[in-house]
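Enquirer: sharing a model prediction with you, sequence too.
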Amino acid sequence: MNNLLISDVESEIFIYDINSRKPYIIKRSLQKLEMRLRLGCIFPTRKKNILISSLVAKASGTDKKIIRWAINVLAFIASYKDEEAIACIEKISSAVDVDPDILISCISAICRITNNRNSNILKIPLEMNIDPKLIELCRWQSVRSIPEIQGDNKLNYEECADSTLKTALINLGMGKLPENYFSQYKNSDMIGEISTSENRIIKQYSIWAALENKDLEIYNIKVSPNSIDSLDDSVKIWIVRLVCKHQKTINTFYDIVAGYAMVSESDDMRLNLSIGLINKFIEKMPHDMIRWYHNESISEILLNILKHISLFHNTSPLYNDFIISNFLSYKENSLERETILSGCTGTPLWSTLRAQEVREAEGFLKQFSFSESDKPMTINNNNFSHLNIQTGSFSVNGTAVNSAEVDNKMQNNIDKISEALDSSKKDIEASELEGDKKEMILKNIDEAKKENNTERRIGLIKKSLELLPTASTAATALTNIISML
């Protein structure tokens with residue numbers, strides 16, 4: 001399977017989160033999806049129409065950041081045949097009071113969707129007085145190769161409109177800006193001058209460009225990480241991310257990483273730090289990372305820390321011991337286990353953890369009593385299988401026992417589980433859960449009822465639990481069902 005293909009489960013979660021009523025969840029989901037698509041990941045074709053309709057709905061709202069991010073995702077998802085998407089972008093861009101940043105996203109989206117063939121279809125209000133260079137920059141974002149400057153087509157960054165300069169910085173970060181575009185000097189030299197701007201947004205975009213461009217680093221800008229306390233909050237976050245771009249700069253500015261960002265009260269700061277540190281390691285890091293993990297409360301950040309720990313378990317004995325000690329404390333089929341196993345893929349630890357799961361699954365047999373003495377059972381033939389016991393007899397502690405006795409006990413347990421699943425299903429059907437989420441849960445429960453394999457059945461129930469409010473009646477009922485298995 002193509003590793004770049006976004007799975008059906010992931011795509012459903014993206015769609016569900018984008019349709020959330022919580023702005024933070026919507027924005028974060030749009031940002032994550034846009035990042036995946038920019039890296040070349042592919043969204044399932046059969047889910048695209050549902051996603052496009054969801055994006056159009058969000059782009060038609062009132063939250064400016066959500067509108068802009070929805071349009072950014074549409075740029076990667078839609079094609080010139082998707083009339084709904086194009087009509088939505090045209091409508092937004094033609095509004096008299098359209099926000100300049102949203103307008104830039106509209107122009108870039110149309111350029112990408114139409115492969116620069118129909119970028120003039122947008123009816124931009126004349127009073128917006130759009131700089132032709134801005135439209136040119138938007139077109140460059142969709143080309144495969146960096147264009148060459150034609151004649152004296154350079155940008156005077158000190159005199160141009162903020163919107164044009166921001167777009168040029170975005171292009172620089174994307175690697176879509178010709179060299180010497182700002183002057184006779186290299187872009188890598190000019191980014192330092194631009195980063196000293198008193199305009200907070202321009203400063204923020206210049207640091208972001210240095211982070212995204214593979215050839216730039218912290219030393220290309222003229223904002224010292226040591227002055228982080230005096231910077232605007234949004235600028236602080238990108239400074240920390242830029243510090244984390246290379247291991248050598250993490251080492252140089254480690255006091256800022258561990259003593260400032262890890263303990264920051266800003267969830268966004270800690271989230272961005274956790275993203276920046278996933279694939280970076282220096283010797284002094286393990287104790288601080290594990291302490292941070294124990295003190296952290298945001299699930300996404302915790303998963304990023306776990307990913308880092310698992311990726312570097314071979315480098316740090318502390319990380320290795322942490323994983324071995326804690327792996328089984330996470331629920332079976334949980335995101336925590338999946339994250340750890342993904343980070344350990346191809347290493348001896350992966351096999352060790354899988355062996356732990358096998359021993360854990362074998363414990364299933366101990367939940368059933370097969371004799372009056374309830375002694376541990378010894379199976380002396382191969383005719384026994386989970387939840388589907390063969391008709392042949394087998395020996396428990398050397399004594400032949402009629403398999404019908406076991407069949408009856410198993411069947412009684414199965415009946416109880418089936419009844420409990422039916423009851424939970426009724427609770428969920430009567431709940432006020434949002435449509436897509438409810439459908440996913442009910443689908444998992446129906447499959448769990450039909451499933452004979454205990455591990456897969458528990459996995460399906462846990463998938464439902466992840467979509468339910470923790471304190472809900474249905475969640476409690478499903479948790480009790482797992483304990484019965």
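Expert: In hand now; what should we look at?
Enquirer: what's the per-residue pLDDT of residue 190 here?
Expert: What the model reports as pLDDT for residue 190 is 93.
Enquirer: with adjacent residues omitted, what lies nearest to it?
Expert: residue 182 (4.2 Å; C-beta to C-beta, 6 or more residues apart in numbering). For every residue, glycine as well, the C-beta is placed using N, CA and C.
Enquirer: secondary structure element for that neighbour, which one?
Expert: For residue 182, there is no enclosing helix or strand under DSSP states H and E.
Enquirer: residue contacts, it?
Expert: By C-beta atoms under 8 Å, 6 or more residues apart in numbering, the contact set of residue 182 is 154, 155, 156, 157, 168, 190, 194.
Enquirer: so where is the stretch 301-450 of the chain shaky, pLDDT-wise?
Expert: Scanning the stretch 301-450 of the chain with the threshold set as pLDDT under 70 gives 363-416, 435.
Enquirer: the strands in it, which residues?
Expert: The residue ranges that make up the strands of the stretch 301-450 of the chain, judged by DSSP state E, counting those that start in this stretch, are 394-396, 399-401.
Enquirer: what count of nearby residues applies to the nearest residue to residue 193 once chain neighbours are set aside?
Expert: Closest residue to residue 193 in three dimensions, ignoring its sequence neighbours and counting by C-beta to C-beta, 6+ apart: residue 222, at 7.3 Å. As a burial measure, residue 222 scores 12 neighbours (other C-beta atoms under 10 Å).
Enquirer: next one: residue 299
Expert: Neighbour count of residue 299, defined by other C-beta under 10 Å: 10.
Enquirer: tell me the phi and psi of residue 465?
Expert: Recorded main-chain torsions at residue 465 are phi -60, psi -40, according to degrees, to the nearest 10.
Enquirer: how near is it to residue 261?
Expert: Distance, residue 465 to residue 261, using C-beta to C-beta, to the nearest Å: 32 Å.
Enquirer: out of those two, which sits in the busier spot?
Expert: Looking at residue 465 and residue 261 with other C-beta under 10 Å, you find the greater number of neighbours at residue 261, namely 26 against 21.
Enquirer: model confidence score at the more buried one, please.
Expert: Here, the pLDDT recorded for residue 261 equals 97.
Enquirer: what stretches of the stretch 51-200 of the chain score poorly on pLDDT?
Expert: Counting by pLDDT under 70, the stretch 51-200 of the chain shows low-confidence ranges at 116-129, 150-151.
Enquirer: where do the helices sit along it?
Expert: Listed in chain order, the helices of the stretch 51-200 of the chain (DSSP state H, counting those that start in this stretch) span residues 64-77, 83-93, 100-113, 132-140, 162-174, 187-194, 200-212.
Enquirer: want to throw these into JSON lines with mean neighbour count?
Expert: Shown next, in JSON lines, are the helices of the stretch 51-200 of the chain (neighbours: other C-beta atoms under 10 Å):
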{"stretch": "helix 64-77", "mean neighbour count": "22"}
{"stretch": "helix 83-93", "mean neighbour count": "18"}
{"stretch": "helix 100-113", "mean neighbour count": "23"}
{"stretch": "helix 132-140", "mean neighbour count": "20"}
{"stretch": "helix 162-174", "mean neighbour count": "23"}
{"stretch": "helix 187-194", "mean neighbour count": "19"}
{"stretch": "helix 200-212", "mean neighbour count": "22"}
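Enquirer: out of these, flag the one nearest residue 248.
Expert: Each of these has some distance to residue 248 by C-beta to C-beta; the shortest is helix 200-212, at 15.3 Å.
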